[in-house]
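> here is a sequence together with a model predicted from it:
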Amino acid sequence: ETGRLLFAGPVTFVKGVVAMSGLPPADRLEVCFAGRSNVGKSSLINALTGRKTLARASNTPGRTQEINYFALGEERYLVDLPGYGFAEAPVAIVAKWQALLKQYLSGRATLRRAFVLIDARHGVKAVDEEILTLLDRSAVTFQVVLTKVDKINRSERAAVIEQVKGALVKHPAAYPEIVVTSSEKGEGIETLRALIATLE
Ligand code: GTP
Ligand code: MG
């Protein structure tokens, strides 16, 4: 119920940030969406906010190249991050996004929780582990969100949940509960809204 109320308010695009100096004032709680390129970060923000084109989603990996800030009323920010683990963009450009991503994840005081998106078909990969370790070191609580669960069957679902649970055991900053979602079918979206709304 609280989740529905918060997300029913105005949702606005604030700005795209290309350097830490461009971050908006740290005056409210924020949550971010991190994950490999193409995992579904922008689609999830659109599903959560009920706006099909708020965050730019695309089948081309590397679509989001800035840190995009969205405001939920005046209460909190949703932060769409550039993907990691994408090898096909020019090396110098990838290096720049990745540096910014790491600075953001380790240096934002008002970052209350990082949602780390994991493709339900693939599970936790080495490149994800690197980010999870960075979050441990930065003492940023993170929570895994499985994405694209509409693409797998029940037994695959059970298997990937086990794999993720196994991976999380090594990470002190992990919040143990895994959120299973499909931006396409709407599964898990209300659960995630409620979760974001209750963070303090
Ligand atoms: P980058 O910005 O490049 O890092 O990607 P992203 O993580 O923001 O992914 P994006 O939301 O752009 O989605 C990538 C592709 O996955 C798009 O073609 C989406 O339509 C598709 N996709 C995202 N979520 C889902 C889902 O829940 N189910 C299905 N079937 N496809 C999805
Ligand atoms: Mg994106």
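Perfect, thanks for sending it. The structure presented is a predicted model; accordingly, all values stated were derived computationally and were not measured. Ligands and ions are numbered 1, 2, ... in the order given.

> show me where the protein dips below the pLDDT cut-off.
1-3, 87-88 (pLDDT under 70).

> what does it have sitting close to ligand 2?
Within the chain, the positions near ligand 2 by Cβ under 5 Å from the ion are Lys41, Ser42, Arg63, Thr64. Just so you know, the C-beta spots here come from the backbone N, C-alpha and C atoms, and that holds for glycine as well.

> find the nearest non-adjacent residue to the last one, please.
Right, Thr64. Pro82 (5.1 Å; Cβ to Cβ, 6 or more residues apart in numbering).

> direction included, what does the longest strand belonging to the chain pair against?
When the chain is parsed with DSSP state E, its longest strand is strand 111-119. Paired with strand 111-119 in the same sheet, following DSSP bridges, are strand 29-35 (parallel), strand 142-147 (parallel).

> and the shortest one, is it in reach of ligand 1?
Right, strand 142-147. Yes - Strand 142-147 reaches ligand 1 (Cβ under 6 Å from any ligand atom) through Thr147.

> longest helix of this structure?
helix 91-107 (DSSP state H).

> can you select the buried ones from the residues of the chain next to ligand 2 in ChimeraX?
Selecting only the buried entries of these in ChimeraX, with 16 or more other Cβ atoms under 10 Å as the criterion:
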select :41,42,63,64
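
> and ligand 1, which of the residues of the chain next to ligand 2 contact it?
Answer for the residues of the chain next to ligand 2 near ligand 1 (Cβ under 6 Å from any ligand atom): Lys41, Ser42, Arg63, Thr64.

> got JSON lines for the residues you listed, with secondary structure too?
Output for these, formatted as JSON lines (DSSP: H, G, I helix; E, B strand; the rest coil):
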{"residue": "Lys41", "secondary structure": "helix"}
{"residue": "Ser42", "secondary structure": "helix"}
{"residue": "Arg63", "secondary structure": "coil"}
{"residue": "Thr64", "secondary structure": "coil"}
